[in-house]
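Participant: Sequence plus predicted model, see below.
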Amino acid sequence: MSLGLRLGKYVRGASDFFVAGRSLGPGLIFSTMLAANIGAGSTVGATGLGFSRGLVAWWWVGSAAIGTTVLAFWIGPAIRRVAAAHDLRTVGDYLEHRYDRHVRGIVSALLWIGSIAILAGQLIAVGTILNVVADIPFATGCAIGGAVITVYFTAGGLLTSAWVNVVQLVVKLSGFAIALPLAIASVGGWSGLTHPTNSNHATYLTDPTYWTFFQSDTALALFVLIAPAFVVSPGLLQKIFGARDDRAVRVGVGLNALGLFLYAGVPVILGIVARAKFPDLPDEKLALPMILMHALPALVGAIGLAAVFSAEVSAADAILFMLTTSLSQDLYKRFVNPAATDARVLRVARATTVVSGVLGVALAIVSQSIVDVLTIFYTLLTVSLFVPILTGLYVARTSTRDALAAIGGGVSAMLIVQVATHGRGWGLVTPALGGLMAASVAWMMSLFVRRPIEGRR
């Protein structure tokens with residue numbers, strides 16, 4: 001918080017707040033991206049999934065790594081060039097530039113709903129950690145996390161976030177590097193996991209499916225849910241808008257993808273260790289804090305908990321970035337007060353940061369389920385943005401009508417599958433996959449079916 005407030009004095013206008021003056025080099029791009037990507041889902045959520053499902057939990061972070069690889073070498077440089085050439089600050093700016101204000105408004109509203117959900121997911125993890133560590137009431141812990149990110153992000157937006165993320169990244173990588181080998185040693189090493197002697201957990205750890213890397217239903221569901229979202233996430237794309245050149249994108253985001261690949265197995269192993277040490281946990285999201293509190297020496301556990309707290313907070317500020325830019329630039333500046341000055345937009349951005357932080361805390365207290373709220377966000381992101389952004393960049397014939405067809409088809413199909421199956425899907429057809437397929441079909445029908453008709457006219 002102190003660092004953010006000190007850096008905030010260098011923010012002179014909305015451009016600094018939204019895109020850091022387009023001055024971020026490979027190092028800052030790498031640190032702010034990786035800090036944002038290692039959050040509640042990839043720490044508390046992925047460890048909990050490793051606890052309950054085993055090795056297949058790799059696909060949670062692994063899918064994000066695959067998505068960001070595509071972003072680094074394909075989507076990221078292309079959209080950065082468009083943003084720099086036309087002074088675009090948000091994904092909403094890009095959507096209006098490529099299509100029109102209606103696409104911008106619809107997507108901004110959808111993403112604002114989804115972004116509140118993922119912000120709540122990060123704060124749920126913070127509240128859980130502080131509850132286990134210090135017996136702080138869950139709601140109070142959520143409020144503490146919300147206050148931290150709101151203060152330092154309000155001070156300077158992307159500029160302060162990028163530098164604070166450097167500190168957070170050092171803390172989280174150091175913490176997990178120290179905690180992981182000691183956690184494995186606490187159960188007798190790798191052989192203690194693969195050949196358990198404790199009858200209380202032997203039935204879980206000797207089940208072959210627990211050690212299956214590719215369980216088709218879970219692996220495919222995680223891949224479809226997460227990988228496309230990490231290609232078109234506004235929070236990540238807008239960080240790319242702040243890059244100084246294409247090389248900064250390729251190197252910075254590419255290193256971020258490599259970091260995610262290297263990290264992907266960490267929460268899985270910690271989850272399996274938790275199954276060995278605490279087989280009767282009532283809630284899988286307690287797996288990670290229980291290891292750090294009760295399976296490691298106190299000092300190591302404290303460093304690990306600091307790493308987890310940093311992970312949740314750094315991911316939360318990326319989501320707060322999405323919420324703030326969506327409200328201030330995409331909705332307020334474009335639809336409410338188009339004549340607003342740069343200084344006015346900056347004031348609105350800071351005010352909406354505070355409002356969004358408060359709403360995120362409120363939803364976290366009500367939901368208390370990390371996986372559920374993250375699923376809402378990733379699903380909305382995939383079905384509404386993936387097709388319009390990719391076809392807008394690489395298919396010149398794509399029109400506003402085609403983009404709206406993709407958004408409408410994707411969101412409608414997602415809601416149908418969600419409601420009809422209570423979120424379970426029909427076999428491999430999850431709400432995310434059903435929505436993505438429907439968006440693609442709707443786009444193709446709009447693009448190719450009506451063209452011949454127009455030609456005959």
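Facilitator: Perfect, I can see it now. Quick caveat: nothing in here was measured; it's all calculated off a predicted structure.
Participant: chain center to the longest helix along the chain: distance?
Facilitator: The residue-count maximum for a helix in the chain (DSSP state H) belongs to helix 138-185. The chain centre lies 14 Å from the centre of helix 138-185; the measure is C-alpha atoms, centre = their mean, to the nearest Å.
Participant: average pLDDT for that helix?
Facilitator: The average pLDDT for helix 138-185 rounds to 88.
Participant: Can you give me the buried ones in stretch 435-449?
Facilitator: Within stretch 435-449, the residues that qualify as buried are 435-443, 446-447, counting by 16 or more other C-beta atoms under 10 Å. Where C-beta positions appear, they are placed from N, C-alpha and C, glycine not excepted.
Participant: can you tell me which helix or strand the nearest residue to residue 439 once chain neighbours are set aside belongs to?
Facilitator: Leaving aside its chain neighbours, residue 439 sits nearest to residue 410 (3.1 Å; criterion: C-beta to C-beta, 6 or more residues apart in numbering). Element membership for residue 410 (DSSP states H and E) is helix 400-421.
Participant: Give me the helices and strands touching that helix, please.
Facilitator: helix 101-134, helix 370-394, helix 431-444 (3 or more C-beta pairs under 8 Å, 6 or more residues apart in numbering; DSSP states H and E).
Participant: now those as JSON lines including mean pLDDT and distance to residue 173?
Facilitator: Formatted as JSON lines, the helices and strands packed on helix 400-421 follow (pLDDT from 0 to 100; distance: least, C-beta to C-beta, whole Å):
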{"stretch": "helix 101-134", "mean pLDDT": "83", "distance to residue 173": "18"}
{"stretch": "helix 370-394", "mean pLDDT": "84", "distance to residue 173": "21"}
{"stretch": "helix 431-444", "mean pLDDT": "95", "distance to residue 173": "30"}
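Participant: Any idea which of those helices gets closest to residue 85?
Facilitator: Shortest distance between residue 85 and those, using C-beta to C-beta, is found for helix 370-394: 13.2 Å.
Participant: so that closest one versus helix 101-134, what angle?
Facilitator: 150 degrees (axes from the mean of the first three to the mean of the last three C-alpha atoms, to 10 degrees).
Participant: If you count neighbours, what's buried in helix 370-394?
Facilitator: 370-371, 373-393.
Participant: what's the neighbour count on residue 236?
Facilitator: Applying other C-beta atoms under 10 Å, we find 26 residues neighbouring residue 236.
Participant: low-confidence ranges in this protein?
Facilitator: For the chain, residues meeting the criterion pLDDT under 70 lie at 195-206, 368-374, 450-457.
Participant: domain parsing for it?
Facilitator: Using automatic domain parsing, the domain ranges for the chain come out as 2-371, 395-457.
Participant: among those, which is the most enclosed?
Facilitator: With neighbours defined as mean count of other C-beta atoms under 10 Å, these peak in mean count at domain 2-371, which reaches a mean of 21.
Participant: Let me see the contact set for residue 79.
Facilitator: Going by C-beta atoms under 8 Å, 6 or more residues apart in numbering, residue 79 touches 94, 237, 240-241, 389, 393.
Participant: Figure out the helix or strand that it lives in.
Facilitator: Assigned by DSSP H and E, residue 79 belongs to helix 76-86.
Participant: quick check: angle from that helix to helix 370-394?
Facilitator: Using the same axes, to 10 degrees: helix 76-86 against helix 370-394 is 70 degrees.
Participant: any idea which helix or strand comes after helix 76-86?
Facilitator: helix 91-98.
Participant: What are the contacting residues of that following helix?
Facilitator: Under the criterion C-beta under 8 Å, 6+ apart, residues 79, 82-83, 86, 88, 103-104, 107-108, 232, 234, 237-238, 325-326, 329-330, 334, 385, 388-389, 392, 403 lie in contact with helix 91-98.
Participant: With only the CA atoms kept, save it in PDB.
Facilitator: Presented in PDB, the C-alpha positions along helix 91-98 are these (Å, rounded to 0.1, in the frame of the first residue of the first chain):
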ATOM      1  CA  VAL A  91     -10.500  -3.600 -24.900                       C
ATOM      2  CA  GLY A  92     -13.700  -1.700 -25.100                       C
ATOM      3  CA  ASP A  93     -11.900   1.000 -27.200                       C
ATOM      4  CA  TYR A  94     -10.700  -1.800 -29.500                       C
ATOM      5  CA  LEU A  95     -14.200  -3.300 -29.900                       C
ATOM      6  CA  GLU A  96     -15.600   0.100 -30.800                       C
ATOM      7  CA  HIS A  97     -12.700   0.800 -33.200                       C
ATOM      8  CA  ARG A  98     -13.200  -2.500 -34.900                       C
END
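Participant: so it versus helix 101-134, what angle?
Facilitator: 160 degrees.
Participant: distance between helix 91-98 and the chain's centre?
Facilitator: How far helix 91-98 lies from its chain's middle: 21 Å, per C-alpha atoms, centre = their mean.
Participant: For residue 77, which non-adjacent residue is closest in space?
Facilitator: That would be residue 246: by C-beta to C-beta, 6+ apart, it lies 4.2 Å from residue 77.
Participant: correct me, but residue 437 touches residue 409?
Facilitator: No: using C-beta atoms under 8 Å, residue 437 is not in contact with residue 409, being 9.2 Å away.
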